[in-house]
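J.: Below: sequence and its predicted model.
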Amino acid sequence: MSFRQEFLQFALQQNVLKFGEFTTKAGRQSPYFFNAGLFNDGLSTLKLARFYAQAIIDSKVEFDMLFGPAYKGIILAAATAMMLAEKGINVPFAYNRKEAKDHGEGGVLVGAPLKGRVLIIDDVISAGTSVRESVRLIQNEGATPAAVAIALDRMEKGTGELSAVQEVEHQYGLPVVAIANLLDLFTLLAENQSAELARFVEPMNAYRARYGVA
């Protein structure tokens, strides 16, 4: 089983990935749902961080540190930094607060100083708001955004004809590293012998035909 398929099987087991009838934030009727917030215990977060670390290493993207946007990105940056260290790549990490602190160290940034090439790590890219805010924070500190790492690329249209991931890549010139994407979901369905999952092939094809991007 491929690395990507291992991740999707893991997501299914954790009920992070579900097939059925769901309404997305954009109001679309989707045959699947992915909620990385359900990786919410020690063991599942540990496994998730290993997938992130391996995807980042495999991408060969060059970076000096990790940045996790509040709130989901905080634990992802910390856990992935630990897994990278386990693989011999020890890098600092930082994250932000939603509101500036006016005492102690102050400001919105916590952790290591933002320096060098910064890899942003989050769960997904939807509207791209989190990435825009992260890029601004990183550049304001004199550092350079290097890439974005996410769990799943839905490969569907954003505000225009491009996907949310493609919009980020075009707007900021940043590579986006995804552990898995929509094509991997189709492989999962094709290779799975479960009749329960097989019935979602047709709805997935219809959804992709309507909202998908190349």
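T.: Arrived safely.

J.: I'd like the distance from whichever helix in the chain runs longest to the chain centre, please.
T.: Taking DSSP state H as the criterion, the chain has its longest helix at helix 42-59. Centre-to-centre, helix 42-59 and its host chain are 11 Å apart (C-alpha atoms, centre = their mean, to the nearest Å).

J.: That helix - contacts with which helices or strands?
T.: Under the contact criterion of 3 or more C-beta pairs under 8 Å, 6 or more residues apart in numbering; DSSP states H and E, helix 42-59 touches helix 3-13, helix 72-86, strand 144-153, strand 176-181. Heads up, the C-betas are built off the backbone N, CA and C, glycines and all.

J.: do that again at 6 Å, thanks
T.: Judged by 3 or more C-beta pairs under 6 Å, 6 or more residues apart in numbering; DSSP states H and E, the packing partners of helix 42-59 are helix 72-86, strand 176-181.

J.: got the contact list for residue 33?
T.: 18, 22 (C-beta atoms under 6 Å, 6 or more residues apart in numbering).

J.: again, only using 8 Å
T.: By C-beta atoms under 8 Å, 6 or more residues apart in numbering, the contact list for residue 33 reads 17-18, 20, 22.

J.: For the residues you listed, which single residue is the most surrounded?
T.: Within the contacts of residue 33, neighbour counts (other C-beta atoms under 10 Å) peak at residue 17, which reaches 23 neighbours.

J.: now that residue: how far from residue 162?
T.: 24 Å (C-beta to C-beta, to the nearest Å).

J.: now residue 185
T.: As defined by C-beta to C-beta, residue 185 lies at a distance of 20 Å from residue 162.

J.: And the two? Which one has more around it.
T.: Neighbours of residue 185 and residue 162, each counted by other C-beta under 10 Å, are more numerous for residue 185; the result is 25 against 15.

J.: Which of the three states applies to that one?
T.: State at residue 185, reduced to three classes by DSSP: H, G, I helix; E, B strand; the rest coil: helix.

J.: shouldn't residue 185 be in contact with residue 34?
T.: No - the criterion here is C-beta atoms under 8 Å, and residue 185 misses it with residue 34 at 9.0 Å.

J.: Low-confidence bits of the protein, can you list those?
T.: Residue ranges of the chain with pLDDT under 70: 1, 100-106.

J.: Look up phi and psi at residue 92.
T.: The phi/psi pair for residue 92 (degrees, to the nearest 10) reads phi -70, psi 170.

J.: Tell me how far the closest residue to it other than its chain neighbours lies from residue 118.
T.: Once flanking residues are discounted, residue 92 sits nearest to residue 112: 3.3 Å by C-beta to C-beta, 6 or more residues apart in numbering. From residue 112 across to residue 118, the span is 10 Å (C-beta to C-beta).

J.: Thanks a lot, catch you later.
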